[in-house]
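Enquirer: with the sequence up front, the predicted model follows.
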Amino acid sequence: MDAVTVLLAFEAGINYFFFYNLESENFLGGLKSLLVTKREQVLVATGSENRDIQSLRLYLDSVRHCLNIDRVDVFFIEYVSPVDDMAQIQVLLDELRSWKDSGLVRYMGVTTHNRAIALEMIERHQCDVLMHRYNMAHRKAENDVLPSAFEAGVPVVAFTCTRWETLLKGHPHWEDKPPLAADCYRYALSNSAVHLALTAPKTRQQLQENLSVLHSPQLSKQEVAHWQEYGNLIYGHGQDAFDTQWV
């Protein structure tokens, strides 16, 4: 994507920009330019899966320097999983809380594929924002994580909404057309606990197609049921992709 794409997204109504690292020079260049005049209208979100506090501090400083900002709006401890030492994760969360208290970050977040961990983070008030896997195929979060987040007032950022694009490819037992990427985002956003659905278009055309979600009505109950039936086929028995091992 070229740098101008960030401005196009902003002008269309996108005000939340997330990046995993500082390698996407075009994206970051466009974001930095936007922040010069629109800082108070833009949420800058990033994070790290590094478990070393010093490395986290260095990354935070690098982001602030790169974008010429004093504060990062959302900083995530990323991909918290059952293999993590939860005592170590707690130390990292305490570090984020100190950043929040000192004004270096606005909100502290956690990303996870694991529902039990997501529930623990919500119930223990360990994060301001939860980024969690949620799509037509992976819907078990609807039973526990999403209702709990909604009740606790913790906004959920849905990611992997197209299930790494596998939802867009159709299924031999599905006679109707497969969903467009926009349908996948609309599905994720149809849940009241989900405040944001991450999208990562590769081209301006894909961006324009995805932006159509902003002007589309909420899915009807019939449409939701339709795409749930499709998602069941794509998920299968949960043995065809790494992500299905995360319960």
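Expert: Yep, that arrived.
Enquirer: which intervals of the protein have sub-threshold pLDDT?
Expert: Along the chain, the model assigns pLDDT under 70 to residues 237-247.
Enquirer: where exactly do the helices run in it?
Expert: 4-12, 25-38, 53-67, 86-102, 115-123, 145-152, 181-189, 204-211, 221-235 (DSSP state H).
Enquirer: helices and strands around the fifth one, which ones?
Expert: When contacts are defined as 3 or more CB pairs under 8 Å, 6 or more residues apart in numbering; DSSP states H and E, helix 115-123 sits against strand 105-112, strand 129-133, helix 145-152. C-beta here means a position set from N, CA and C on the backbone, and glycine is covered the same way.
Enquirer: wait, which of those is closest to residue 14?
Expert: Counting by CB to CB, residue 14 lies closest to strand 129-133 out of the helices and strands packed on helix 115-123; the figure is 16.6 Å.
Enquirer: what are the pairing partners of the closest one, and which direction each?
Expert: strand 105-112 (parallel), strand 156-159 (parallel) (DSSP bridges).
Enquirer: what's that strand in contact with?
Expert: Residues outside strand 129-133 that contact it (CB atoms under 8 Å, 6 or more residues apart in numbering): 74, 76, 78, 107-113, 118, 121-122, 141, 145, 149, 154-160, 198, 243, 246.
Enquirer: ok, now which residue in this structure is the farthest from the centroid?
Expert: The C-alpha centroid of the chain is most remote from residue 175, which lies 30.5 Å away (CA atoms, centre = their mean).
Enquirer: quick check: end-to-end length of stretch 7-17?
Expert: Across stretch 7-17, the terminal residues are separated by 11 Å (CA to CA, to the nearest Å).
Enquirer: ok, and what's touching it?
Expert: Residues outside stretch 7-17 that contact it (CB under 8 Å, 6+ apart): 6, 27, 30-31, 33-34, 38, 41-45, 196, 204, 207, 211, 214.
Enquirer: run the last query once more with 10 Å
Expert: Contacts to stretch 7-17, defined as CB atoms under 10 Å, 6 or more residues apart in numbering, come from residues 1-2, 6, 27-28, 30-31, 33-35, 38, 41-46, 67, 73-74, 157, 195-196, 198-199, 201, 204, 207-208, 210-215.
Enquirer: which of these count as buried?
Expert: 1, 6, 27-28, 30-31, 34-35, 42-46, 67, 73-74, 157, 195-196, 199, 201, 207, 210-211, 213 (16 or more other CB atoms under 10 Å).
Enquirer: that older thread, just the helices and strands packed on helix 115-123: most buried one?
Expert: Most buried of the helices and strands packed on helix 115-123 by mean neighbour count (mean count of other CB atoms under 10 Å) is strand 129-133; its value is a mean of 25.
Enquirer: give the contact list for the residue found closest to residue 68 once you drop the neighbours it is linked to in the chain.
Expert: With sequence-adjacent residues excluded and distances taken as CB to CB, 6 or more residues apart in numbering, residue 68 is closest to residue 32, at 6.5 Å. By CB under 10 Å, 6+ apart, the contact list for residue 32 reads 3, 6, 44, 66, 67, 68, 69.
Enquirer: change it to 8 Å
Expert: Contacts of residue 32 (CB under 8 Å, 6+ apart): 66, 67, 68.
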